[in-house]
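A.B. asks: predicted structure and sequence below. I'll ask about it afterward.
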Amino acid sequence: MSNVTNFRTASSTSDIPEWQLRVDLAAAFRLAAHYDWHEAVANHFSLAVSKDGKKFLMNPRWRHFSKIKASELLLLDSNDDSTMKKPDAPDLTAWSLHGRLHAALPQARCIIHLHPPYATAIASLADPAIKPIDQNTARFFNRVAIDMSYGGMANTDEEGDRLARLMGNKSIMMMGNHGVLVCAATVAEAFDLTYYLEKSCKNLVLAYQTGQKLHIMSDPVAEKTAQEWQADREQFFAHFEQMKLILDEADPSYKK
């Protein structure tokens, strides 16, 4: 049975063998580097492995995305207060953000935090809303949390808790003056959301650069389009599976 079939039929990532979860999360890191979404040895992805979401996989501290392997991912517990005292402790900002999000949002199985160029450019505007100007941007209509209260590095539990409250049941957060957060039920869906988020923000940046007035969809059309995206879940899994095949041809070491 393929990975994609397992994810489609499982009720939660807790129903998927941990090794398979490791492989898929490692693939997501490699693909982020492939698309130039990464930033030096910063940024973090995590993936819940327990039913309550509090035990999760995350990248080791300061490891480049292009080098991450499945076996190297950390297995952490948001209830473990000793995590940052251990020799293999994760990055503090990663723990403060992902640890608190997994503790508060059990539905957020896979959490991606990035500073990709176009999405971060939009998040840096006084109005970081993703305007529905085409069918890609319309995917995010009324489905994005916006944080306009950046106060420095997210390196405290209090900041992680604040962002968790703001995220709520949304899948995307535009983090003003910072970057983006993506939350989804599976790695495949989180990857697909991130791909289209960055592509949508690129479209929006290019449209802004023309200096012409944006042709923004009506709310009913934008909502209809967003719902049509949500109904196309099979495509999200197919996208991720196809990208893993491309990875396998170039460098399958992420599976080790």
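C.D. replies: That came through fine.

A.B. asks: which residues are in contact with W95?
C.D. replies: L76, T83, M84, A89 (CB atoms under 8 Å, 6 or more residues apart in numbering). To be clear about C-beta, it is placed using only N, CA and C from the backbone, and glycine gets the same treatment.

A.B. asks: need the max-distance pair from those residues.
C.D. replies: Based on CB to CB, the longest span within those runs between L76 and M84 and measures 10.3 Å.

A.B. asks: more neighbours: which of these two?
C.D. replies: L76 (24 against 13; other CB atoms under 10 Å).

A.B. asks: dihedrals phi and psi, the more buried one?
C.D. replies: Main-chain dihedrals, L76, degrees, to the nearest 10: phi -120, psi 160.

A.B. asks: try D77
C.D. replies: The phi/psi pair for D77 (degrees, to the nearest 10) is phi -130, psi 120.

A.B. asks: correct me, but it touches G53?
C.D. replies: No - if you go by CB atoms under 8 Å, D77 and G53 don't touch, sitting 10.8 Å apart.

A.B. asks: more neighbours, those two?
C.D. replies: Just comparing D77 and G53: by other CB under 10 Å the higher neighbour count belongs to G53, 24 against 16.

A.B. asks: now the closest residue in space to D91 that isn't next to it in sequence, what's its secondary structure?
C.D. replies: Using CB to CB, 6 or more residues apart in numbering and skipping residues adjacent in sequence, the residue nearest D91 is R61, 4.6 Å away. With DSSP: H, G, I helix; E, B strand; the rest coil as the basis, R61 sits in coil.

A.B. asks: also Y150?
C.D. replies: Once three-state DSSP is applied, Y150 turns out coil.

A.B. asks: how about the contacts made by it?
C.D. replies: M175, G176, N177, H178.

A.B. asks: any idea of the pLDDT on the third one?
C.D. replies: Note for N177: predicted pLDDT of 96.

A.B. asks: did I read that right, it in a strand?
C.D. replies: No - with three-state DSSP as the criterion, N177 is assigned coil and is not in a strand.

A.B. asks: quick one: contacts for it?
C.D. replies: N177 touches A123, S124, Y150, counting by CB under 8 Å, 6+ apart.

A.B. asks: so which of these sits lowest on pLDDT?
C.D. replies: Y150 (94).

A.B. asks: out of the contacts of Y150, who's nearest F191?
C.D. replies: M175 (18.8 Å).

A.B. asks: my guess is that closest one contacts I122. True?
C.D. replies: No - with contact defined as CB under 8 Å, M175 does not reach I122; the gap is 10.8 Å.

A.B. asks: contacts only, for F140.
C.D. replies: Neighbours of F140 in contact, by CB under 8 Å, 6+ apart: I130, P132, I172, L197, S200, A226.
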